[in-house]
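Asker: Below: sequence and its predicted model.
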Amino acid sequence: MIEFRVDGEPVPQGSKTVGHSKGGGTFVREDNPKTEPWRNAVAARAREAMNGEKPMSGPLQLNVVFYFGRPKGHYRTGRHAGELKPTAPDFCSKRPDLDKLLRALGDALTGVAFVDDAAISIVRARKRYGSPGAVVQLDVIEDDPYLEVR
């Protein structure tokens, strides 16, 4: 099993746009320019956590918590400034989409922590408020506790 934390605001995998240049060539562009630096940070931390080990092969279980900074509206004002309101949620239900965050993470870990992200068989992912970043756990599945009886 490996576990690591990546600091910084998690960035989703954008869509790819295919275009044609004036010279007739074809190009592919990422819609979100912040995606590549985030994937590079994830890959660097995963490389450290792997400690020279070869990438894992499946089946794999991925557990990840993406943390986002809280908006100002979650905090009280006046003499209680800086304190969370009692109604402030623990989980983030705003953009970015969880599936796009997972796509960026999977692309970043491919070839570093695992051979191919197709090997991920179980995923548990959450978006929470806290210090921006992501905590990632990746492990080979030995026994599936959720195995259905047939």
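Answerer: Received it, and whenever you're ready, just let me know what you need.
Asker: and residue 29, what helix or strand is that in?
Answerer: Taking DSSP states H and E as the criterion, the element that holds residue 29 is strand 26-30.
Asker: what helices or strands is that strand leaning on?
Answerer: Packing contacts for strand 26-30, counted by 3 or more CB pairs under 8 Å, 6 or more residues apart in numbering; DSSP states H and E, involve strand 16-20. All C-beta atoms are positioned from the backbone trio N, CA, C, and that covers glycine.
Asker: which other residues reach the strand holding residue 29?
Answerer: Under the contact criterion CB atoms under 8 Å, 6 or more residues apart in numbering, strand 26-30 has outside partners 14, 16-21, 36.
Asker: try 6 Å
Answerer: By CB atoms under 6 Å, 6 or more residues apart in numbering, the residues outside strand 26-30 that reach it are 14, 16-20.
Asker: Which SSE is immediately downstream of that strand?
Answerer: Helices and strands here follow DSSP H and E; after strand 26-30, the next one along the chain is helix 35-50.
Asker: For that next one, the averaged confidence score.
Answerer: For helix 35-50, mean pLDDT is 97.
Asker: Could you do stretch 20-30 as well?
Answerer: pLDDT averaged over stretch 20-30 gives 81.
Asker: Give the next helix or strand downstream of the helix or strand where residue 101 lies.
Answerer: If you go by DSSP H and E, residue 101 is part of helix 98-109. Note on helix 98-109: by DSSP H and E, the next helix or strand toward the C-terminus is strand 120-129.
Asker: thinking again about what came up before, ok, so of the contacts of strand 26-30, who is nearest residue 61?
Answerer: Nearest to residue 61 among these, counting by CB to CB, is residue 14 at 26.4 Å.
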